[in-house]
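> Dropping a prediction and its sequence here:
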Amino acid sequence: MTEADTKDIVKETQPLKDAEVAVSVESAEEGVVKNWTDEEERNVVRKLDKMIVPWAALMYLFSFLNRVNISNARVLDFDSKAGVGQMERDTGMSGNMFNTAVSLFFITYVIGEPLSNLVMTAVRPSVWLSRIMITWGVFSAAFAGTNNFAGVVALRLLLGAAEAGLFPGVSYYLSFFYKRTELAFRVAMFFGGAGMASAFSGVLAYGISQMSGAGGLHAWKWIFLIEGLPTIVVGFLVYFFLPDAPATAKGLSERERQIASDRLKLDHATAGERAFDKSKVIPTLTNPLVWICAVLFFCYTSPGYSLTFFAPTILQALGFAGVQANLFIVPPQVTGPIFLLGISYLSDKYKERTLFMAACILLNVAGFLGLGLSRNGAASYAMMFLTSIGTNGAIPISIALLSNNLPSHTERSLGLGIMLGLGNLGGIAAGQIYRTEDRPWYPIGHYTLVGISAFCILLTLAARFYIVSLNKKHAKSIAEREAKGEVISEQERNFHYAT
């Protein structure tokens, strides 16, 4: 980041006190005047939440549901001696072929994410996000028609390409509507859909298991049909109901649209400029924080996906029957999203990112260490709660950290695409961590994730040190310019990068 960047990012101010009358605050960058009350702004934010957050959470719920339903399908009609379920028998999978199928999804997924976000600088979000949902719904439902490993491989690759862009796209989209100090909690509400999907998928799989034989299909095929077809319907609804920008949101009055747009201009100067700016590409690609956050995200997704894809299998190995394994995964997966809402709210309130991230990952270390040491089913199950809480809590805060520190739309779209795209390589690693030959306690897998999580804590603290050094450099520059008699705006003087 350069000193010039500070002219593009507006300071993170402390919340203003409530006012009964409008106050005038002019943006040094945009000439925007605040002519609304704090209460009016809160009402606008509440309306935005109602219009945006439920759709965002629903989209990600279906995304994650269709991404991980292969893990629920695997344990139906499971043969514990052979270590395979009906799906693997029907498609000719054995050994670690299931692990390969899990990992292949992320090859096309990772490639597509940065490119997809750049498309969103030119295409309406309602159009692009709707397209993403409809195509992945089609490929997910198509799993019901496959009867060999080649078909599973092809569909996992297509599903990854289709889903690419949803997570970074919605993360970027939320920055169209929310201030920097509001973002982590909204990302948490959106991301919470993943945890709920993991929990809901277990309950749904339990119900679908009773349909085995209906229509001449095994239960695992019904899972893909029942979870894929509704996704297509939701995709069409997103096209009609998702607002594209504050200035065009149909659920707001003309004055509310003006407030929704202008408040962002007071928060960061480039809020209204969505056009692709090629001059921002190189600064983004050479920004150390983008790559630090990408590695951090890899450290989050490796344990996160490992448990998501293999928790039913781990529970199966611990003595829970196939159907029970899908049900018992629900409590840990519900606990994580509840925790992340609280921790993200505190992160926004105290304007602190990295310390909360490190605290969450510390829970991961404790959880996976406990799983590695335990030889008791109940104790291992308890450790899953810690790992769910730790992984879920860190992810939305890290997204807010990078988004807060990238000034323009081009930088945010590309930076988040790189972070989430490369970070999701953790999904490829996750598919290989829990190997069939390590059943039932999987010690190598657990200790591998302990190491990844410990490294993640160190890198998070290094990121904090780097950002603090940027703030010190900025303060020094301001002092030197003032000593030369240069006039410094109050906005630039009080600016600091989010830590």
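Now that the structure is in, tell me what you want to look at. Numbering: from 1, shown residues only.
> so what pLDDT did Ser374 get?
In this model, Ser374 is scored at 88, pLDDT.
> typo on my end, it should be Leu61
pLDDT, Leu61: 85.
> just the one 10 residues further on next, same as before
What the model reports as pLDDT for Ser71 is 79.
> Excluding chain neighbours, what is closest to it?
Excluding the flanking residues, the one nearest Ser71 by CB to CB, 6 or more residues apart in numbering is Phe309, at 4.6 Å. The way it works is simple: take the backbone N, C-alpha and C, and place the C-beta from them, glycine included.
> Likewise for Gly137?
Distances taken as CB to CB, 6+ apart place Thr231 nearest to Gly137, at 3.3 Å, with adjacent residues excluded.
> quick one: the strands in the stretch 351-499 of the chain?
In the stretch 351-499 of the chain, no strands are defined using DSSP state E, counting those that start in this stretch.
> just so I have it, where are all the helices in it?
In the stretch 351-499 of the chain, the helices defined using DSSP state H, counting those that start in this stretch lie at 354-373, 377-404, 409-423, 425-433, 443-483, 490-493.
> okay, those, which one's buried deepest?
For these, average neighbour numbers computed from mean count of other CB atoms under 10 Å are highest in helix 409-423, which has a mean of 26.
> Give me the mean pLDDT for that one.
84.
> Any stretches of the protein with poor pLDDT?
Along the chain, the parts satisfying pLDDT under 70 run over 1-31, 80, 193-202, 268-275, 321-323, 325-326, 490-491.
> change it to 50
Residue ranges of the chain with pLDDT under 50: 3-4, 6-30, 269-272.
> Phi first, then psi, for the spatially closest residue to Arg412 that is not a sequence neighbour.
Nearest residue to Arg412 in three dimensions, chain neighbours excluded: Leu406, at 4.6 Å (CB to CB, 6+ apart). With angles defined as degrees, to the nearest 10, Leu406 sits at phi -110, psi 120.
> My guess is Leu406 contacts Met419. True?
No. The criterion here is CB atoms under 8 Å, and Leu406 misses it with Met419 at 9.8 Å.
> which residues are in contact with both of these two?
Listed contacts common to Leu406 and Met419 are Val290; contacts here mean CB atoms under 8 Å, 6 or more residues apart in numbering.
> Run through the residues that contact the residue nearest to Arg412.
Applying CB under 8 Å, 6+ apart to Leu406 gives the contacts Thr284, Asn287, Val290, Arg412, Gly415, Leu416.
> of all those, which comes closest to Lys351?
Arg412 (18.6 Å; CB to CB).
> Distance of Asp277 relative to Phe309?
38 Å (CB to CB, to the nearest Å).
> For these two, indicate the residue with more neighbours.
Phe309 (26 against 14; other CB atoms under 10 Å).
> host element of the more buried one?
helix 288-317 (DSSP states H and E).
> I'd like to know which elements that helix is packed against.
Applying 3 or more CB pairs under 8 Å, 6 or more residues apart in numbering; DSSP states H and E, we find helix 288-317 packed against helix 38-74, helix 322-328, helix 354-373, helix 377-404, helix 409-423, helix 425-433, helix 443-483.
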